[in-house]
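J.: A structural model of the following input is requested.
(chains A and B)
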Amino acid sequence: MVEHADIRVVHRGGSIINFRQPVVTNDSRFLLCASGECVKVFSTSTEECIHNLQGHTDLVTGVLLRPSNHLQVYSCSADGTVRLWDFTDGILIKTYVIGYPICSLYASAKHEGVIFIITPKLTDKRSELFQLVAVHLPQSGDQLVETRELSAVLSNVSSKPAATAFGQGGEYLASVKGLQMEVYFFRKEKSYTFSLKEDNKKGGRNTFTCVACHPKDDCIATGHEDGKIRLWRNFNHKKEYTYSTLHWHHSAVSSLCFTPEGTNLLSGGVESVLVQWRYNQESQRDFLPRLGAAITHIAVSPDGALFCTSHSDNKISIIQSCVKVSAVIQGLVKGESVKTDLIVDPRSKALVLNGKPGHLQFYSLHRDKLLYNLDIVQQEYIHELGLDQFEVVKAAFDASGSCLATVEERQQKGAELEINLKLWAFDEQTQSFVLNTTISTPHDARITAMCFRHDADCQTTMLVSTSQDGHFKAWQLAAAAHTEEGPSWSCDFVGAYHSLVPKCCCFSADGSLLAVSFQEVVTVWSPASWELLTTLSQPPGAIRDLCFGRLSCSKYLLGTTDSSLLCCWNLLTCSLEWSTSMDVSLLLSDPLSENMVAFCCESGCTDLFVFKPSEPRPLFSQKAVCSGRVTHAVFAPREEMLESCEESSQWLNRSQLYFLTQHMDLMTFITKVEEDRLMASSKQLVIDDSVAMTPFYLLLGKHRQEQQEDQDAVSSQSSERAPLPHSSVAIKELLQTPAHVLPSTTFLCSMFLQSLLIPVTDNREEKKHAEEEMESEKEEEDSSEEEMESSASRPEQASGSGLAAELAAPTLTKAQSRELRRLKKVDHSWLSELLDS
Amino acid sequence: MASFKPTKIQVYPKLGEKVTQDTLYWKNYKAPVQIKEFGAITNIDFSPVSPHNFAVTAFTRIHIYGPFSQEPVKTFTRFKDTAYCGRFRSDGQLLVAGCEDSVVRLFDVSGKVALRMFKGHTKAVHLTDFTSDRYQILTGSDDYTCRLWDIPSATELNNYQEHTDYIRCGVTSKLNRDLFITGSYDHTVKVFDARVDKSVMTMDHAHPVESLLLYPSEGLLVSAGGRYVKVWDLLKGGQPLVSLKNHHKTVTCLSLSSNGQRLLSASLDRHVKVYNTTNYKVVHNFDYASAILSLALAPDDESIVVGMTNNILSIKHRKSPEESKEKAEQQRRRPSYRVFVKGKNYIPKQDDYLVSKPVKQHLAKYDKQLKKFNVSKALDTALESWTRLRKPEITVAVVKELDRRGTLKNALAGRDEQWLSQFLNFLIGNLVDTRFTPVLITPAEMILDIYQSIVGQSPVVDRQLLRLHDLLEKEIDYQKDLLEVLGMLDTLFASTCPRKEVPCSGISRSNGLAQGEASSTSRPELQVT
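T.: Prediction:
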């Protein structure tokens, strides 16, 4: 029927970055973390993603710096391979095939050529037993290496990466599981097992959660389920071991880490407080509270200057020596369920959904980056398990994006449901939403649906909310009578229909009609007079979704029922136009065209239909888009219209369809044309350096780079084309840069002179080059055979230009050159800070 | 690292009067000066000329007070019986007063003895006034007559016998020397013209008329009697304009503010109400200690003088502009103001690099404790007597916050008798407040759960628990009554509202079914091939 081979469903954005412990490189410039099937390299200063190390075919389960070469990194994956990467250039160096799914990866400096991995004991994936295996990496020049030398070190270990640690650079290894800790000494090839009692009186749970070893001392720190940290000493004897207990956390310690010198121990847990204990003076501790969400992993940079904490809300914060958070890398937060549905902010075109608890996140789809979190609940979040928190359950934007309505609720056991309806207005000055009105308990029961009147020429903004208490209410923005404050929201109308429970509501495109579904009945109201105009119904089966047609199809009202029926009513005749039997889980209309989208659930899979209400044939359909029900989807307007002439992909021209699968993966539909363009642009995109691009860097760095390149070119004699007269470029840049970002003139003067000085030699060279080129051109003109000669003559040129460079150098006196060098060394980083502030 | 978010105190809409321009104007008076007179004060009249002394008629005397004096400047005591209605002439030189003994006396303001005595009435004279030509006097008496007298000759000019009951009030026109209006206990207000020997206009007030007032333009007449204040349009032949019923006892006196924009009425119900004269809505209200018999406003509203039945004369003076401003400034300026202002006015120079000081977050006491998770101490600070009594919403907000954190039980447990009685007191005071009920029910239940074992050990706590019990029972009764009323109202509304049919519902239903069958043939094919 409809050919649709050129439209594909692809994953879009929002990868998980808190799955495993992040790694900070030796120079503290990069941060590496496992993210789905690739390893991401972030800059610690700019928070930008620099490289995506792609190659694994399954979940990456561990990232580790190579102990012998700090510019290379190992990554292991559930696909049974360990890969070695050069992370500065993003190149895959080697692939070691292990053959078993790998859960985590360890290495130490003492064991060269050996890595330790944790794999399931049986090849069977479901088995609960895991073992620690030493893998001897064969020395080979090949890209793909098969490893055969595997030797089990410990059997029955925990699969969690935090449950195993190497001590004193690899002399021993500690592994915890359940109530047991096993310490294995490599030299003696002997292991000791220490176990704790099931529990003590107060329900304290002694189960081990994580382990860390002191880098210099014989000391093992273990974290426990009840929030205790035990420091084990003297564990190389079976009987005479001792331990001391530290207790600050009130719930399980999720991560422990020693600083590289072993002076401090860092711990974190659900409380979202980073605790720093002084080693040997454990009564002294520092806290860094309110990090936002529960800490899942802690990592320290090799020089001990930076701490990294991964958080449960898909965030990595970079902390400068336990004092302040210097950078936050935030991914798309995907909770257990998206209660607010997917919404697109009309102003920023960002995807809006539940984020951190009590927040709405604004996620830019085009840049694949979290823009900001809007605090809706505005209460201190208490990090405690089992506490009933306020949750944002509904949100809606008006057509222009200047109003936002949110509903938050909290259900406490045996207490009344607390609901707050909050209405926000966009503030142009601060470029964010400001709370305008809070309505506590707008309804007596849960709010089922909420929508704004989408009308451009209407003066008053109107919001309709329906609730399980059997009423729907219309709220209106009106100027307050007596106070000088701005307009605030108040209730305009309360409607009900035969004491039935309303399920969903929908305004027509011009805002002249409001449709509210009461179980099996759709009621159509006029918002101007609040008159009940008509009722429509198609029994049996309660209405599940309602949608007005748009543009040329605005006379149609579409609804889906529980009894697997999709109905289309004509509002001019107040009669059913057509109906078809399909189990529609979600009905959606494109705000920019007439198109409607229906996700149908059939035998565990979801099918997609795109159709116009006025036409009997669907424009596009695809079977088995994904498994499970699709309950959240949204049309996001494109930044630029796509010109696709193919009939099947025309519906994607104006806006793009995003949807969330059962497993909370954000997917989208992409056309072939678009895909090709994306591929092309990604190849073009070359990030030349990871260093922060400051205006001053642009001014100086490029200049110096060019200089260097020139020199390189000159020395390597590969200068086929004439270099640009770059002195003029520097001056141009100097003149084009706004005066207020430039440093003082005393600074620039010498720089300026310097830029004038060097070109003199260059110009000379250039002249020579030009001459030479002219010559060579002449030669080329002469005959093609003589090209050999011209290439042969190049070494000659090299010596000539080298001489020229030598000649140019003495023009500077020694003092001048020293001055120049000193200037070059001056640190300009303060300038970037100044600019940032 | 985010900063601590302080506890949100719910803002409740302020009940009661709203602050308007009028409230600000009428509240801008000093505390009243109170002077004890010898009897009930029946009339107060301001002298039309500066310095605007006022005559106070009480019992057998008329006292004249200066604008700021607390002692009478002058006293007229030559009355045989109770004096009534001491009024100034428009030049402020002469004063006329009626008396229980039916004699009308005319005084020189500077003298003591009556200049003239007008005898002719047979009963007490309650109404006396000068006409606008200043040579005649109008009097009204309990003998149902009103008369005009000539001052120089002390002779009676006219005698009108149209009223059929006591004449207790009246006014003369300020623009026409021949016009005057009288109000009587026969429920009528009559307009007389001295050139004719009978009334030219009669209006029925429907209640004994106690007071009359003419607008400066004299187009409108205000009459007060019974609980009503009525406004009449004289130019339309005495057509009633508005009837105001804002008092719940007899209105005794009327007055107009100096610019004519506000009308004041005083009543036996101890209130003075201020009306807007454009829409006749009450814009302000004064309370007094006792039933008010007389009221007068000084020119420019400089002072409000009120006479009451308990013999007390209350004088409120307007605050001077400096005075009202001074107070606001005092609040703003603290003793150590100068210390804080040091260096604040320094303007950075061009090359200066500004190091902004980190803004220190100021937290309330209870928030500081909450930040440290000291739940009991947080509750203690929120229960300090000032907060508890003046701002119960703060205490309630802290209780709510503790409940949200799941630590309310910990905060309530382990307290001594004194604290417990204090908290129970707070509960008794605020539990039935609809704003706080949903929040406070939880701690009340918790208190009962935690301390049920010690019931009977402390008489103080036991007494309060009993009080709480009584309070709840009473509240339940109220709620029952309210629900009954609601049910009654519902039936009333349901029977009065006509049932409206939805126009298309019937058609659509039939259509929906029939059409659904019919359209199955033209059903779109949403199937993938």
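
J.: for the residue of the stretch 251-400 of chain B found nearest chain A, which non-adjacent residue is closest in space?
T.: Residue nearest to chain A within the stretch 251-400 of chain B: B:Leu370 (7.5 Å; CB to the nearest CB). To be clear about C-beta, it is placed using only N, CA and C from the backbone, and glycine gets the same treatment. Excluding the flanking residues, the one nearest B:Leu370 by CB to CB, 6 or more residues apart in numbering or on different chains is B:Ala378, at 4.8 Å.

J.: same question, B:Arg195
T.: Excluding the flanking residues, the one nearest B:Arg195 by CB to CB, 6+ apart is B:Asp178, at 5.3 Å.

J.: hey, where'd the helices end up in chain B?
T.: For chain B, the helices defined by DSSP state H occupy B:21-27, B:321-332, B:337-341, B:365-371, B:375-382, B:385-390, B:392-405, B:408-412, B:417-430, B:437-451, B:459-496, B:505-519.

J.: next, format those as JSON lines and append distance to A:Asp375 and mean neighbour count.
T.: JSON lines is the format used below for these (distance: least, CB to CB, whole Å; neighbours: other CB atoms under 10 Å in any protein chain shown):
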{"stretch": "helix B:21-27", "distance to A:Asp375": "38", "mean neighbour count": "14"}
{"stretch": "helix B:321-332", "distance to A:Asp375": "33", "mean neighbour count": "10"}
{"stretch": "helix B:337-341", "distance to A:Asp375": "32", "mean neighbour count": "9"}
{"stretch": "helix B:365-371", "distance to A:Asp375": "17", "mean neighbour count": "20"}
{"stretch": "helix B:375-382", "distance to A:Asp375": "22", "mean neighbour count": "22"}
{"stretch": "helix B:385-390", "distance to A:Asp375": "27", "mean neighbour count": "12"}
{"stretch": "helix B:392-405", "distance to A:Asp375": "16", "mean neighbour count": "22"}
{"stretch": "helix B:408-412", "distance to A:Asp375": "24", "mean neighbour count": "19"}
{"stretch": "helix B:417-430", "distance to A:Asp375": "30", "mean neighbour count": "17"}
{"stretch": "helix B:437-451", "distance to A:Asp375": "23", "mean neighbour count": "17"}
{"stretch": "helix B:459-496", "distance to A:Asp375": "37", "mean neighbour count": "11"}
{"stretch": "helix B:505-519", "distance to A:Asp375": "46", "mean neighbour count": "16"}
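
J.: distance to A:Pro637 and mean pLDDT added to the ones you listed, as JSON lines?
T.: Conversion of the helices of chain B to JSON lines gives the following (distance: least, CB to CB, whole Å; pLDDT from 0 to 100):
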{"stretch": "helix B:21-27", "distance to A:Pro637": "49", "mean pLDDT": "84"}
{"stretch": "helix B:321-332", "distance to A:Pro637": "52", "mean pLDDT": "65"}
{"stretch": "helix B:337-341", "distance to A:Pro637": "52", "mean pLDDT": "64"}
{"stretch": "helix B:365-371", "distance to A:Pro637": "43", "mean pLDDT": "91"}
{"stretch": "helix B:375-382", "distance to A:Pro637": "48", "mean pLDDT": "92"}
{"stretch": "helix B:385-390", "distance to A:Pro637": "52", "mean pLDDT": "85"}
{"stretch": "helix B:392-405", "distance to A:Pro637": "39", "mean pLDDT": "91"}
{"stretch": "helix B:408-412", "distance to A:Pro637": "48", "mean pLDDT": "91"}
{"stretch": "helix B:417-430", "distance to A:Pro637": "52", "mean pLDDT": "92"}
{"stretch": "helix B:437-451", "distance to A:Pro637": "43", "mean pLDDT": "91"}
{"stretch": "helix B:459-496", "distance to A:Pro637": "48", "mean pLDDT": "93"}
{"stretch": "helix B:505-519", "distance to A:Pro637": "34", "mean pLDDT": "37"}
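
J.: check which helix or strand the closest residue to chain B within the stretch 401-550 of chain A maps to.
T.: Nearest to chain B, among the residues of the stretch 401-550 of chain A, is A:Thr534, at 3.8 Å (CB to the nearest CB). Applying DSSP states H and E as the criterion places A:Thr534 in strand A:531-537.

J.: pairing partners for the following helix or strand past that strand, with directions?
T.: Using DSSP H and E, the helix or strand that follows strand A:531-537 in sequence is strand A:543-548. The pairing partners recorded for strand A:543-548 under DSSP bridges are strand A:556-561 (antiparallel).

J.: what are the contacting residues of the strand it pairs with?
T.: Strand A:556-561 is contacted from outside by A:506, A:508, A:515, A:517, A:520, A:522, A:524, A:536, A:538, A:540-549, A:566-571, A:577, A:584, A:587, A:589, A:596, A:598, A:613-614, using CB atoms under 8 Å, 6 or more residues apart in numbering or on different chains.

J.: direction included, what does the very next helix or strand once past it pair up with?
T.: Next along the chain after strand A:556-561, taking DSSP H and E as the criterion, comes strand A:565-570. Sheet pairing for strand A:565-570, assigned by DSSP bridges, gives strand A:556-561 (antiparallel), strand A:575-580 (antiparallel).

J.: now those in a markdown table, with mean pLDDT and mean neighbour count?
T.: Shown next, in a markdown table, are the strands paired with strand A:565-570 (pLDDT from 0 to 100; neighbours: other CB atoms under 10 Å in any protein chain shown):
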| stretch | mean pLDDT | mean neighbour count |
| --- | --- | --- |
| strand A:556-561 | 89 | 24 |
| strand A:575-580 | 86 | 21 |
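
J.: of these, which is nearest A:Gln281?
T.: When the strands paired with strand A:565-570 are ranked by proximity to A:Gln281, the top entry is strand A:556-561, at 66.2 Å, counting by CB to CB.

J.: can you give me the angle the closest one makes with strand A:531-537?
T.: 50 degrees (axes from the mean of the first three to the mean of the last three CA atoms, to 10 degrees).

J.: now strand A:556-561 - C-alpha only, PDB.
T.: What follows is strand A:556-561 as a C-alpha-only set of coordinates in PDB (Å, rounded to 0.1, in the frame of the first residue of the first chain):
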ATOM      1  CA  TYR A 556     -14.000  16.800  13.100                       C
ATOM      2  CA  LEU A 557     -13.800  15.600  16.700                       C
ATOM      3  CA  LEU A 558     -12.000  12.300  17.100                       C
ATOM      4  CA  GLY A 559     -12.200  10.000  20.100                       C
ATOM      5  CA  THR A 560     -11.000   6.600  21.100                       C
ATOM      6  CA  THR A 561     -13.000   4.300  23.400                       C
END
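
J.: now it: how far from the chain's centre is it?
T.: Centroid displacement of strand A:556-561 relative to its chain, using CA atoms, centre = their mean, to the nearest Å, is 37 Å.

J.: just stretch B:243-257 next, same as before
T.: For stretch B:243-257, the distance to the chain centre is 13 Å (CA atoms, centre = their mean).

J.: quick one: end-to-end distance for that stretch.
T.: One end of stretch B:243-257 to the other measures 19 Å (CA to CA, to the nearest Å).
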